[in-house]
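K.L.:
3D, please:
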Amino acid sequence: EAGSCTDWAASGGSGSALAPCRFALYFCACGLDTDTGLEPDELSGENLEQSPLKRTFKSKVLCHYPENVDWNPFDQDAVSMLCMPKGLTFCTQRDRRDPWFHSFLITREDGSRTYGFVLTFYEEVTSPQICSAMQTLQQMHHAEHATSDTSPSSSSSSSMDSGSCGDCAGTLYDASRDTLYVSKALCLITPMPFMHACRRFLTQLHRAIASPQAPPLPLESYIHNVLYEVPHPPPGRSLKFHGVYEPIVCQRPGPGELPLADFPLGEAFCLLGVENLVQVFTCVLLEMQVLLFSQDYQRLMVVAEGITTLLFPFQWQHVYVPILPASLLHFLDAPVPYLMGLQSKEGTDRSKLELPQEANLCFVDIDHHCVELPEDFPQFPNKTELIQELTDVLRSFGFSPEGGAVTVPRSPAGAGPGPRLKGSALKELADDRRNGNLSADDLAALELLQRNPALAQRAGVTDSEDEAGGRGSEVDAEELRNAKLNVQLREVFAGRFATMFADYESFVIQSAPDLESWVTNREQMHNFDKASFLSDQAEPFLPFLSHFIETQMFATFVDNKIMSQWEEKEPLLRVFDGRIEKARLYNIRAPSLRSSAYQRCTVLRESAQAIEQRLLKIDHTAIHPHLLDMKIGQGRFQQGFFPKLQADVLSSPPTSNNRWSSRPATAQRRNDRNRHQCELGLDNSLKEKYLQEARTLGKAVRQQPKLSDLSPAVIAQTNWKFVEGLLKECRLKTKRMLVEKMGREAVELGHGEVNITGLEENTLIASLCDLLERIWSHGLQVKQGKSALWSHMLHYQAREERLELQAESPVSSGPERRKSDPSPGLSTLPVSLIQDMRCVLPNISEIKTDVGRSRAWIRLSLEKKLLSQHLKQLLSNHSLTKKLYKRYAFLRCEEEREQFLFHLLSLNAVDYFCFTGVFTTINIPYRAVIVPIKKLSNAMTTSNPWVCVSGELGDSGVMQIPKNVLEMTFECQNLGKMTTVQLGHDNSGLLAKWLVDCVMVRNEITGHTYKFPCGRWLGKGVDDGSLERVLIGELMVPCTDEEAGRGSKTPPLQRSPNQTRRISMSSLSSRGNKPTSAQIQEVVGEAVNNIIKHFHKPEKERGILTVLLCGESGLVSVLEQFFHHGFRSARLFQKSVFIWDFVEKAVMYMESTDQMGDLQETPEPRGLSSETFCRYVSGINSAPRSIGKDGKFQLLVCLGARDRLLSDWLPLLAECPVITRMYEDVAMLRDRTTVSALVGVLQTLHDFPITLETSLVKGVDL
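P.N.:
The predicted model follows:
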């Protein structure tokens, strides 16, 4: 097929209607416009103190062809800015003048990308006006510095140091002696990133300019050919087209392969090192702000494109500017995720770089091979194994996996790929001649070269078989190696995602009946069952996945999946789904069996082979460049100068007499036909409208910088869009946090998913912290420290403290409101922003940074339900806000700010423990108050009381309470949510009885107050004779005065059960309302059910098991009711009888029958159960604790539940003859059916590992 150009080739040449099939859209040249002269480029921020040769000047687009392509209009400002991001640079004959290559891309508003490839070289300045202007600037500069040299000012010394004056001959220009050169850029703009092909084409074009001989054809022929006669290769095929001297090959992946990516990934890995690149890749996946930093524009592009290429099947959804021109530096202020590249000036130090926000920034210094990562970000799953696999792939291609060791054969900085791309053998031209694929001019050139070996040598074309073969194959080998390495590295990442999301379809919620209703309700709908998906993942993957499934790129991926019901699948999704389907066929596994075992990629060899075959066996050859119908004498060849091209032949495609253009484009026609068929029977305009809306969903936040218009009005409009985006993001985040936290209640109201895991809650809070940092860094006047929020708070604190010193009164942090505690005996805690800042600073030594302090403060304020109030207080100082922020900043848009605070206020509706639960190792001050029943005279006791407070994270240890003191403070490591208090005394002195109503304990940092009800005596010979009680806690609901006035109290997330006073037999009989047997059976079932539900929840969501066992309506409480039913109340002198008395009598009976059984021939078959029961009861009785009879019963039930013995013990007690003396006939314990039903209920607990808190079983070793 070497000579044939099939139908599809024609589509490249038949006008702009078919432009999408063309290889290149535009060719342009940028440089010095001699008509407008030298204009300083103020926007690039260059120092005017520098020598004129070192300054930058404005560049212009000198010409571009064609004039316009309908579907992709030429953006003159953007192209000029990106072709020469530094502007024009000048030099003299003394400087190195190597050409250099770089790429850029322009992202349009719909997210589609256009690529630019630029070769920049130096051209001699022939305009006398420009030379004299430069001479004048030089003299002015010299005169200024001569005068400033006399005064020893710092400016002159620094300018001398920088070599801008004095003896530094390299920076001087003398028109009489020196030749002046200026940079000029040649650029190809293409719809697809064929980097290697464009680089080779431009390099050959430059060789033709630099060569002493004119090229075989005028340059217009080659440019016209690449613009109008070279098509895209079809999917899965390769294409050869011709540059000025040599053929150029490019290839395109097939429909099932990874999409085209031509930037050398191996180079990106070598620049950063494998581990660094994986870390940056993770930051991009989690949609953080990523800033690349390098002197070399091409490096910025290689790393940016490399990383976004690896995202398959996901796509970056936010601001993407791999080369940020100096004039757009204000865009670093964007309060949205971005991936941008910033060119570092020579000698610029990272420390001098003023970045508006760094709280969530990943800073990548490419030239120094180092990465600064944001705090607290999760690692990519199986990171170590992934790095090892990537390292193996790189080594197999001879690359070094450590950052900085660029073994990639790179051209010297600025040299471009010139020397390596020479060496097209005459054999190739001879082949083309045999295939009839050479024009008359080419034939003439071939004959000339064959006759004149010296000329061939100079043109880099040689007849010597070995040299030609060697050189040609070197180029091909390197390109082939890059292509194979690229695809293998990408396959490794694609394989990781295919493993992680193999079953993602099972969790996509297809809830909308049609496209219209889906688009209309998109924001309210949950499209992905996140909780179920996470519960199905391996534990080590969760920190990363819980963050990742909250990103915009994942949401868009799921949206694309849902939209594929109504339109053709998005290409990346189609490839990804195809791979998952294929993996299922080869590897059938149960979706529920998740393992974190690493699976290496199995398709590396075949993916590389596919590319190798395409590059070595050319599928198609494009039309050769040929003579055009040009005016004679124009654009004469002059060595070293890019000629003025003839616009008329380049601005329009070939006419119909071209032998290819008359053929119809079959592929295009086929696509049109398909599109037409699928639109039949549909209201096309309506469907298209909805699809368009659907595609733009979620992209509201994406705000690409407009390179073309930098007027203040456009910048203001951009910032306004940011403000709107931030407010919308805040609304969605707070709503999500509320809905998730409210759980089932919210689901019944029609919102979202059922439950939230502790992991998801943490992810949502981290995401809120990030949002607040972005809001606070938007529009900052001067940045101080990495956290804008903490910096603002420090300013506020300093002002308040100054006011305090002036007034010599305590810091008035706004009106200091106090939370009125519903707790008797506890003084109220002050509500103060500064107080909470002070809580964060000294207590948390593990936090070393401002970002960490700010996040801790946000968590603390959220837990205290004061976030909105504190931020309102912070922003109430308007003069401070004005001083710190520009007018357009979010915090100075009053209406939006009020709405933002209102959204945050809504979070007060739910309880968070996001501070207590995260900073588990810090020391926290607590305050405890013992509340006696004051009506009774024995409010104070002569004995020595003690207390021990326990929580989910540990206990305080036993602390003696000073005599006659009811309130004490103590400090210990964070207890977490408090669960129990052990309270007791040593029974010494005359008044050794103590009647306690409750114990209150408060966390002095978070203000959480727990009430531990008691209502019982402690003392020998009173109540049940207990000297120690274990009390179960209940979180009290704080209530500010304002809320009390409104009378709206929010029920807490989980009311810890209220411990009712243990009811002795006599008090129960004195009450009229005894529970019926049906009621008792119901509460027993409910108590057991609650324990089962507890274990069915993911571990991080479970409440406190102690509450379910010993709290109000807990297992102990309901079994007490069961045993009290029908308990005989008539006793001599009305002395209280307790269930434990019955238990002890039963044990005495069993032990006596056991002794009798030893004398009998056949012992009781139930010996083992009764022996265990007796052992447990005597173990509890002989324990060193004085816990009283009810306490002993509680302990027996808890141990029985833990050791799965309750269901064995119950029949023993029911069949014990003692029962007839102590229970009436109607007692539930005497009804066999009821007892066997209860045994059945209790047996359901056998499946679960019940562990008991230390405070319950202290001193009992069973």
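K.L.:
separation between the most centrally placed residue in the chain and Asp376?
P.N.:
Central residue of the chain (C-alpha atoms, centre = their mean): Leu286, 2.0 Å from the mean position. As defined by C-beta to C-beta, to the nearest Å, Leu286 lies at a distance of 11 Å from Asp376. C-beta: built from backbone N, CA, C; applies to glycine.
K.L.:
and what of Ser327?
P.N.:
34 Å.
K.L.:
higher neighbour count, the two?
P.N.:
Taking other C-beta atoms under 10 Å, Ser327 and Asp376 do not tie; Ser327 has more neighbours (19 against 13).
K.L.:
Assign the more buried one to helix, strand or coil.
P.N.:
State at Ser327, reduced to three classes by DSSP: H, G, I helix; E, B strand; the rest coil: helix.
K.L.:
In the stretch 151-300 of the chain, what residue spans correspond to strands?
P.N.:
Assigned by DSSP state E, counting those that start in this stretch, the strands in the stretch 151-300 of the chain fall at 180-190, 238-242, 247-251, 289-294.
K.L.:
What is the first one packed up against?
P.N.:
Under the contact criterion of 3 or more C-beta pairs under 8 Å, 6 or more residues apart in numbering; DSSP states H and E, the helices and strands touching strand 180-190 comprise strand 26-31, helix 76-83, strand 90-92, strand 113-124, helix 128-150, helix 195-210.
K.L.:
Quick one: work out the angle between the longest one and strand 180-190.
P.N.:
Per axes from the mean of the first three to the mean of the last three C-alpha atoms, to 10 degrees, the angle that helix 128-150 makes with strand 180-190 is 120 degrees.
K.L.:
can I have helix 128-150 written out in CSV, keeping just the CAs?
P.N.:
Extracted in CSV, the C-alpha atoms of helix 128-150 (Å, rounded to 0.1, in the frame of the first residue of the first chain):
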residue,chain,number,x,y,z
PRO,A,128,17.7,49.3,10.8
GLN,A,129,14.9,50.8,12.9
ILE,A,130,14.9,47.9,15.3
CYS,A,131,18.7,47.8,15.5
SER,A,132,18.9,51.6,16.3
ALA,A,133,16.0,51.2,18.8
MET,A,134,18.0,48.5,20.6
GLN,A,135,21.2,50.7,20.5
THR,A,136,19.2,53.6,22.0
LEU,A,137,17.8,51.4,24.8
GLN,A,138,21.4,50.2,25.5
GLN,A,139,22.8,53.8,25.8
MET,A,140,19.9,54.8,28.1
HIS,A,141,20.5,51.8,30.3
HIS,A,142,24.2,52.5,30.3
ALA,A,143,23.7,56.1,31.3
GLU,A,144,21.3,55.3,34.1
HIS,A,145,23.8,52.8,35.6
ALA,A,146,26.7,55.1,35.2
THR,A,147,25.0,57.7,37.3
SER,A,148,23.7,55.2,39.9
ASP,A,149,27.2,53.7,40.2
THR,A,150,28.4,56.9,42.1
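K.L.:
which helices and strands sit right next to it?
P.N.:
Counting by 3+ C-beta pairs under 8 Å, 6+ apart, helix 128-150 packs on helix 154-161, strand 180-190.
K.L.:
Comparing the ones you listed by mean pLDDT, which bottoms out?
P.N.:
Among those, helix 154-161 carries the lowest mean pLDDT, a mean of 38.
K.L.:
follow-up on the earlier one: chain neighbours aside, what residue packs nearest to the residue nearest to the centre of the chain?
P.N.:
His547 (5.2 Å; C-beta to C-beta, 6 or more residues apart in numbering).
K.L.:
Need the three-state assignment for that neighbour.
P.N.:
Put simply, His547 is helix when judged by three-state DSSP.
K.L.:
Compute the number of surrounding residues for it.
P.N.:
Neighbour count of His547, defined by other C-beta under 10 Å: 24.
K.L.:
any idea how far Ser183 is from it?
P.N.:
Taken as C-beta to C-beta, the span from His547 to Ser183 is 44 Å.
K.L.:
same check, this time on Asp376
P.N.:
For Asp376, the distance to Ser183 equals 45 Å [C-beta to C-beta].
K.L.:
now swap in Pro1249 and tell me
P.N.:
74 Å.
K.L.:
Look at the two and report which has more neighbours.
P.N.:
Ser183 (25 against 7).
K.L.:
surely that one meets Cys83?
P.N.:
No. In this structure, Ser183 is not within contact of Cys83 by C-beta atoms under 8 Å, at 10.0 Å.
K.L.:
any residues in contact with both of these two?
P.N.:
Common neighbours of Ser183 and Cys83, counting by C-beta atoms under 8 Å, 6 or more residues apart in numbering, are 59, 120.
K.L.:
Which strand residues bridge Leu1035?
P.N.:
Tyr1010 (DSSP bridges).
K.L.:
Next, count neighbours for it.
P.N.:
Neighbour count for Leu1035, taken as other C-beta under 10 Å: 18.
K.L.:
Looks like Trp267 contacts Met301 (just checking).
P.N.:
Heads up, residue 267 is Glu, not Trp. No. Using C-beta under 8 Å, Glu267 is not in contact with Met301, being 10.6 Å away.
K.L.:
sorry, back to before: quick one, what contacts the residue nearest to the centre of the chain?
P.N.:
Here Leu286 is in contact with 377-378, 544, 547-548, 551 (C-beta under 8 Å, 6+ apart).
K.L.:
What segments of the stretch 851-1000 of the chain are strands?
P.N.:
Counting by DSSP E, counting those that start in this stretch, the strands of the stretch 851-1000 of the chain are 923-932, 945-951, 954-955, 959-960, 967-973, 978-985, 994-1003.
K.L.:
so which of those comes closest to Thr1233?
P.N.:
Nearest to Thr1233, of all the strands of the stretch 851-1000 of the chain, is strand 978-985, at 36.3 Å by C-beta to C-beta.
K.L.:
Name the member of the contacts of Leu286 with the most neighbours.
P.N.:
The residue in the contacts of Leu286 with the most neighbours, by other C-beta under 10 Å, is His547 (24 neighbours).
K.L.:
Quick one, grab the pLDDT at Glu246.
P.N.:
Glu246 carries a pLDDT value of 89.
K.L.:
out of the strands of the stretch 151-300 of the chain, nearest to Glu1086?
P.N.:
Of all these, it is strand 289-294 that lies closest to Glu1086, at 50.9 Å by C-beta to C-beta.
K.L.:
quick one: that closest one to chain centroid distance?
P.N.:
Remark: strand 289-294 is offset 16 Å from the chain centroid, using C-alpha atoms, centre = their mean, to the nearest Å.
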